[in-house]
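Chemist: predicted structure and sequence below. I'll ask about it afterward.
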Amino acid sequence: MRITCVVDDSALPGSRFLSQHGLSFLIESYERYILFDTGASGKVILHNLARLGVEPESLSAVVLSHAHTDHTGGLAAILERSPDIPVYAHPDIFIPRLSLREDRLKDVSFPLSWATAMLKVRMNLSKEPLEVSPGVWTSGDINPRPEPEGRSDRHFARVEGRLVPDPYRDDMALVLDLGDRLAVVCGCCHAGILNTLRVVRERFRKPIEAVFGGLHLEDTDEATIIRVGEVLKGWGISKLYGNHCTGSKALGLLKEILGENVEPFPAGSSVAL
């Protein structure tokens, strides 16, 4: 199995990958390609897939971590090229989302309406874990959440006509079953990194070796980051590849705790599992 970062806020120098505020990963498993999130735009996801020599028509599935457009904005471009591709997501992905930017609310909702998605897209919506491809699973609903979540006071949802703080109930991860161990791929980890990994550990009953993706620790205080690192070390997690909303400060602190196998994972980076 191999995981490659297709879209991230940064790209490998000299790689000719485009960078963009957003995230996308390509998982290669048993000669199948699974795309986890689609970045923020069709232009970037198509360009970077082309750099990998992967056509949208060759994808076996798309899995979405949550609704926000920096993770789903490239979906329409993928569907235009591959309209029959199955798409996996949490049922709450259609709840309208807004982000406060410079005193203005910006729509950051899932880019397809419920009606369009249900009529024209092979949507697979589930709160339970689903096997997308051999060895590749959605985490299912991240619940309970006793640990701090990856929240932002700028994020809102429209629920029953009222604007409320985004509950992030659609937030899921991707679980890669490596036989006797697991790797977990996160989108933004709005559910909280410790909540997410605890649910995966309990649900899949195998140790987690590696964690990839956005951990939403960028604006987190140092004490909380240190505690995250200590818990991960106690769980035996030895490899961490941070993206997007993880933050350089958090990566530095986690590297001090977990050791040398903690590093950024910009677009163009690839690891065999």
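Modeler: Nice, thanks for sending it over.

Chemist: those strands in the stretch 151-273 of the chain, which residues are they?
Modeler: Counting by DSSP state E, counting those that start in this stretch, one finds strands in the stretch 151-273 of the chain at the ranges 155-159, 162-165, 174-177, 182-186, 208-214, 239-243, 262-264, 270-272.

Chemist: residue contacts, the nearest residue to Leu100 once chain neighbours are set aside?
Modeler: When the adjacent residues along the chain are set aside, Leu100 lies closest to Arg154, with 4.3 Å between them (C-beta to C-beta, 6 or more residues apart in numbering). In this view, the C-beta of every residue, glycine as well, is placed from N, C-alpha and C. When contacts are counted by C-beta atoms under 8 Å, 6 or more residues apart in numbering, Arg154 is found next to Ser99, Leu100, Arg101.

Chemist: give me the buried subset of the residues you listed.
Modeler: Ser99 (16 or more other C-beta atoms under 10 Å).

Chemist: using the three-state scheme, assign Asp92.
Modeler: helix (DSSP: H, G, I helix; E, B strand; the rest coil).

Chemist: who's in contact with the nearest residue to it once chain neighbours are set aside?
Modeler: Distances taken as C-beta to C-beta, 6+ apart place Asp170 nearest to Asp92, at 4.0 Å, with adjacent residues excluded. Contacts for Asp170 (C-beta under 8 Å, 6+ apart) come out as His66, Ala67, Ala89, His90, Pro91, Asp92, Ile93, Ile95.

Chemist: neighbour count added to the residues you listed, as a markdown table?
Modeler: Compiled in a markdown table, those are given as follows (neighbours: other C-beta atoms under 10 Å):
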| residue | neighbour count |
| --- | --- |
| His66 | 26 |
| Ala67 | 24 |
| Ala89 | 24 |
| His90 | 24 |
| Pro91 | 13 |
| Asp92 | 20 |
| Ile93 | 25 |
| Ile95 | 18 |
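
Chemist: of those, which is the nearest to Ser24?
Modeler: His66 (13.2 Å; C-beta to C-beta).

Chemist: is that closest one in contact with Ile93, as I believe?
Modeler: Yes. Contact criterion C-beta atoms under 8 Å: His66 and Ile93 qualify, at 6.9 Å.

Chemist: what is the burial count for His21?
Modeler: His21 has 12 neighbours, counted by other C-beta atoms under 10 Å.

Chemist: again, but for Arg2
Modeler: A count of nearby residues for Arg2, using other C-beta under 10 Å, gives 11.

Chemist: for it, list each beta-bridge partner.
Modeler: Arg2 forms beta bridges with Glu28, Ala272, as assigned by DSSP bridges.

Chemist: so it sits right up against Leu273, yeah?
Modeler: Yes. Counting by C-beta under 8 Å, Arg2 touches Leu273, with 6.7 Å between them.

Chemist: between those two, which contacts overlap?
Modeler: The overlap between the contact sets of Arg2 and Leu273 (C-beta under 8 Å, 6+ apart) is empty.

Chemist: the bottom helix or strand of the protein by mean pLDDT?
Modeler: helix 114-120 (a mean of 91; mean pLDDT, DSSP states H and E).

Chemist: quick one: distance of that one to the chain centre.
Modeler: For helix 114-120, the separation from the chain centroid amounts to 23 Å (computed by C-alpha atoms, centre = their mean, to the nearest Å).

Chemist: sheet partners, orientation included, of the helix or strand just after it?
Modeler: Going down the chain from helix 114-120, the next helix or strand is strand 122-125, by DSSP states H and E. Sheet pairing for strand 122-125, assigned by DSSP bridges, gives strand 86-89 (parallel).
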